[in-house]
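Participant: Give me a 3D structure for the following:
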Amino acid sequence: VMAKEAMVIVLDVGKSMGELHGSMTNLDKAKSACRLLIQQKLLFGYKQDMAAILLLNSSTTNNVCHEEHGGYDCIEEHVKLSTPSLDLLECIDNVQCNESGVSGDPLDAILVSAEIIMSFVGTKKYTKRIFMLTDGGTAINDADQLDSIAQSFVDNDIQLNCILMNKNEHADDHDADDAIESWRDIQLDNDGGGRSAVQIENEKMLRYFALRCHGNVFSGQSAIAMMSELRAKSVLMRPTFSGYLEVSASLRIACKMYCRCREQALPSLKKESLLSSSADNTKVEMNRKYVNKFAVGGADGDGDGDRDETERVKSYLYGQERIPFSENDESRLSYHSGERHFKCLYFCKASLIARHYFMASSFVVLPDTASARAQLLLSCFVRSLHEKQMVMLCRLVSRKNAPPKFVVLQPRIKSGQELFILNELPFFEDVRKFPFASFAMKSSYVASKAQVDCCKQLIRSMSLMPSADADADEDADAQEALRPQQTFNPVLQRFYQNLSVRALDPQAALQEIDAVIVKYLNPSVLEAPRAQHCVAQLAKLFPTKLVPKKEVKKERAHWNQVGDALDNLFADMQVDAKQDDAEAGAGADADMELDALIVVEQVTEIGTAHPCQDFDSLFSKKNAPNLFETLSVSFWLVIHRLVDESFGDFGFDKALKCIEFHKSVSIREEECMLFNQELRKFKAKYSEKNKALWRELVQRGITLICKQDFAADAIEVPVNCTVTKQDADNFMNMEMPPQPAAQVVAQDEDDDDVDDLV
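Facilitator: The predicted model follows:
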């Protein structure tokens with residue numbers, strides 16, 4: 001795709017274009033389409049884009065081909081090829097229909113447009129396009145030259161886009177077909193005789209010509225609707241990095257890096273002077289002056305207060321002091337990363353790189369198309385990493401002595417394309433860590449099963465796939481809502497909308513927000529019946545009440561009122577102390593100290609001191625999809641450790657409480673297979689080896705998780721739960737060894753007192 005474009009608009013101003021169709025003439029519709037084309041260039045075009053306007057069927061003949069070769073009558077070069085501007089829009093508004101009835105040849109207008117483009121472009125790289133807006137009211141002569149002219153358009157890479165302003169607004173598009181050898185082979189619907197024979201023949205010729213030179217033919221209505229749609233600014237296909245991906249010292253892959261996703265900000269605004277007498281001299285410059293406010297006259301900027309550049313130095317805050325650094329110190333202090341490079345550090349599992357670690361913009365890494373070896377090597381790495389579900393971690397220095405970046409390359413295999421997606425990862429200083437207290441610290445903070453289920457239903461009802469909804473038609477195709485390719489920034493689009501209006505009328509009022517933009521700001525998924533039901537249910541399960549703010553009336557206290565205030569304060573403190581003692585005896589709902597809420601010891605693994613609390617703390621982070629399985633394996637290792645390292649039966653009680661805790665958590669999370677497997681292993685290991693432990697487990701009724709456990713908690717039975725109540729009871733039924741009889745041993749009265757310490 002070329003970065004710049006040369007465009008010629010051929011506007012038909014013949015007598016038939018002035019005929020009224022509805023509330024507008026065909027010329028008015030054509031002028032609207034022209035304005036939209038120019039507005040797109042003004043908003044999203046490049047500085048080197050060029051545009052010209054040619055009038056067909058004009059009363060004046062003025063074009064380069066007529067001056068050199070003669071002929072080419074009734075074709076006027078209304079606006080020469082130049083950079084699009086507001087003057088060009090005003091010229092379009094001033095175009096009027098030619099009522100004299102003179103006619104020119106549309107094919108001649110196409111040739112004149114091609115000559116204007118080629119004489120300007122020459123050997124320069126430009127996208128060359130011609131837009132013809134006509135109703136086909138004037139006949140095309142020399143139809144036998146259509147093939148040769150179309151071939152010359154193909155050779156010079158010129159594209160023709162024809163917009164037909166006639167009654168046939170629903171004409172079918174005709175794709176390329178080898179069976180079409182002449183313009184007479186094009187089949188059209190006459191639309192009830194609404195068009196003349198000349199218009200039908202002209203449309204066939206224009207469609208045939210566009211077919212041969214890879215152009216397009218649109219109806220006026222569809223073209224205006226298409227150009228009125230919201231657009232985004234096109235971006236140059238220019239690599240941000242071009243070099244080698246160094247996998248090792250002896251393996252380098254030539255590659256290019258392109259920006260794939262970056263935040264689009266509002267265009268920069270320039271300040272202008274309102275007091276300037278000339279419209280060409282409104283530029284405003286900013287002069288900055290540094291003043292020492294402690295010097296004489298510094299407050300007003302006079303005397304010794306003004307300091308030039310040689311009298312200033314940068315300083316950095318260190319505590320309450322500022323440490324100065326000169327320019328020499330600053331240059332020596334800066335980190336020198338060396339020449340630009342792109343080096344592989346190591347490979348790791350893709351599951352270890354969380355998505356919320358991604359920073360800044362996204363890039364794609366492609367092989368250098370000029371090197372077949374680079375394409376093969378990059379393809380091998382992409383496929384290998386995709387198969388192993390791994391990623392590549394690299395160090396990137398995009399330019400000499402630039403700050404190094406820690407990046408991750410994720411393999412991506414698309415249809416006919418293999419590439420890496422590059423995202424920047426944070427360093428340790430970039431990660432924000434906030435010590436929040438756990439919800440498990442107070443029972444009232446833990447959500448109930450009904451509240452969790454209601455939130456799940458709300459999430460499922462707000463799916464972006466409408467056809468996945470139970471209320472949707474089963475035969476409807478699945479179409480994702482709010483796709484990034486079709487979702488525009490409301491702030492930018494409203495700005496562009498008002499900018500186009502103000503460009504033509506500086507006194508125009510600001511336009512109301514567009515209906516399409518309003519749709520982005522108000523998601524329609526909440527309007528579905530299922531979502532509304534979930535929202536209503538959520539409001540019942542999470543009741544809220546308005547807490548009135550206490551109005552404190554501040555009055556000046558006199559000296560004789562201080563004693564009364566102190567008495568009231570101490571009285572309130574005594575009452576609060578009694579209330580704290582009463583709440584402390586309540587158990588789990590007792591208030592905690594402020595330090596316990598703010599300073600929370602960070603748990604990194606499950607220990608033997610407080611294994612259940614450690615499990616809850618780690619599981620509350622929810623930082624991995626398989627977190628429950630990973631923590632459960634570690635939790636059972638701690639249980640075995642408590643039993644194996646127990647002094648007598650000292651650790652049995654804690655181990656059994658851990659098993660009961662894990663069973664309740666497994667039922668709550670609907671994960672029964674892992675618990676049942678581990679409990680079977682526990683029975684195989686300790687039922688014969690440590691019969692006292694197993695007897696205590698049976699007495700407490702700890703058994704396998706069965707289907708009835710989920711029914712008791714009003715939880716839907718998971719598919720993978722196949723254990724019945726009978727199976728769970730049979731799991732505990734085993735022949736228990738008899739209790740050993742207590743033996744009475746006569747103690748010697750002469751035993752040493754030291755035995756009491758053993």
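Participant: thought Gly137 was touching Asp12?
Facilitator: Yes: in this structure Gly137 lies within contact range of Asp12 using Cβ atoms under 8 Å: 7.4 Å. Quick note: C-beta positions are derived from backbone N, CA and C, even for glycine.
Participant: which residues are common contacts for these two?
Facilitator: When contacts are counted by Cβ atoms under 8 Å, 6 or more residues apart in numbering, the set common to Gly137 and Asp12 consists of Asn57.
Participant: more crowded one of the two?
Facilitator: Taking other Cβ atoms under 10 Å, Gly137 and Asp12 do not tie; Asp12 has more neighbours (28 against 22).
Participant: Correct me if wrong: the more buried one contacts Lys29.
Facilitator: No: under the criterion of Cβ under 8 Å, Asp12 lies out of contact with Lys29, with a separation of 11.3 Å.
Participant: Give me the common contacts of the two.
Facilitator: The overlap between the contact sets of Asp12 and Lys29 (Cβ under 8 Å, 6+ apart) consists of Met165.
Participant: Just give me how far stretch 631-639 sits from the chain centre.
Facilitator: Centroid separation for stretch 631-639 versus its chain: 38 Å, with Cα atoms, centre = their mean, to the nearest Å.
Participant: Just the buried positions in that stretch, please.
Facilitator: Judged by neighbour count using 16 or more other Cβ atoms under 10 Å, the buried positions of stretch 631-639 are 631-632, 635-636, 638-639.
Participant: number of nearby residues for the closest residue to Leu425 other than its chain neighbours?
Facilitator: Distances taken as Cβ to Cβ, 6 or more residues apart in numbering put Phe406 closest to Leu425, at 4.7 Å, once the chain neighbours are dropped. When counting by other Cβ under 10 Å, one arrives at 16 neighbours for Phe406.
Participant: Phe406: which element?
Facilitator: Applying DSSP states H and E as the criterion places Phe406 in strand 405-414.
Participant: tell me which strands and helices that strand is in contact with?
Facilitator: If you count contacts as 3 or more Cβ pairs under 8 Å, 6 or more residues apart in numbering; DSSP states H and E, strand 405-414 packs onto helix 372-388, strand 390-397, strand 417-425.
Participant: So, low pLDDT: which residues of the stretch 251-400 of the chain?
Facilitator: Judged against pLDDT under 70, the low-scoring parts of the stretch 251-400 of the chain cover residues 276-281, 293-307.
Participant: all helices of it, in order?
Facilitator: Using DSSP state H, counting those that start in this stretch, the helices of the stretch 251-400 of the chain run over residues 327-333, 372-388.
Participant: likewise the stretch 401-550 of the chain?
Facilitator: If you assign secondary structure with DSSP H, counting those that start in this stretch, the helices in the stretch 401-550 of the chain sit at 449-461, 490-504, 515-521, 529-541.
Participant: Let me know which of those is the nearest to Gln699.
Facilitator: With Cβ to Cβ as the measure, helix 449-461 is the member of the helices of the stretch 401-550 of the chain nearest Gln699 (28.5 Å).
Participant: Buried ones in the closest one, by neighbour count?
Facilitator: Applying a neighbour-count criterion of 16+ other Cβ under 10 Å, one finds 453-455, 457-458, 461 buried in helix 449-461.
Participant: repeat for stretch 437-453
Facilitator: With the criterion 16+ other Cβ under 10 Å, stretch 437-453 contains buried residues 438, 441, 453.
Participant: quick one: least confident of the residues you listed?
Facilitator: For those, the weakest pLDDT value sits at Met441, with 75.
Participant: I'd like to know how far that residue sits from Lys449.
Facilitator: Applying Cβ to Cβ, to the nearest Å, the value for Met441 to Lys449 is 20 Å.
Participant: and if you look at Asp368?
Facilitator: Using Cβ to Cβ, Asp368 is found at 57 Å from Lys449.
Participant: quick one on the thing from earlier: can you flag which of the buried residues of stretch 631-639 belong to strands?
Facilitator: In strands, judged by DSSP state E, none of the buried residues of stretch 631-639 are found.
Participant: burial count for Lys400?
Facilitator: The burial count for Lys400: 11, using other Cβ under 10 Å.
Participant: ok, it touching Gly243?
Facilitator: No: no contact is recorded between Lys400 and Gly243 when judged using Cβ under 8 Å, the distance being 11.7 Å.
Participant: re earlier: winner for burial among the helices of the stretch 251-400 of the chain?
Facilitator: For these, the largest average neighbour count (mean count of other Cβ atoms under 10 Å) is found in helix 372-388, namely a mean of 15.
Participant: Who are the packing partners of that helix?
Facilitator: strand 251-261, strand 359-367, strand 390-397, strand 405-414, strand 417-425.
Participant: tilt between that helix and strand 251-261?
Facilitator: Interaxial angle, helix 372-388 versus strand 251-261 (axes from the mean of the first three to the mean of the last three Cα atoms, to 10 degrees): 70 degrees.
Participant: Would you mind measuring from Glu77 to Gly70?
Facilitator: Computed with Cβ to Cβ, the distance linking Glu77 and Gly70 is 16 Å.
Participant: Then Asp308?
Facilitator: The value you get for Asp308 to Gly70, if Cβ to Cβ is used, is 70 Å.
Participant: same question, Phe406
Facilitator: Taking Cβ to Cβ as the measure, Phe406 and Gly70 are separated by 69 Å.
Participant: And stretch 68-81, end to end?
Facilitator: With Cα to Cα, to the nearest Å as the measure, the ends of stretch 68-81 fall 18 Å from one another.
Participant: Pick the one among the buried residues of helix 449-461 closest to Asn57.
Facilitator: When the buried residues of helix 449-461 are compared for distance to Asn57 (Cβ to Cβ), Ser461 comes out closest, at 59.0 Å.
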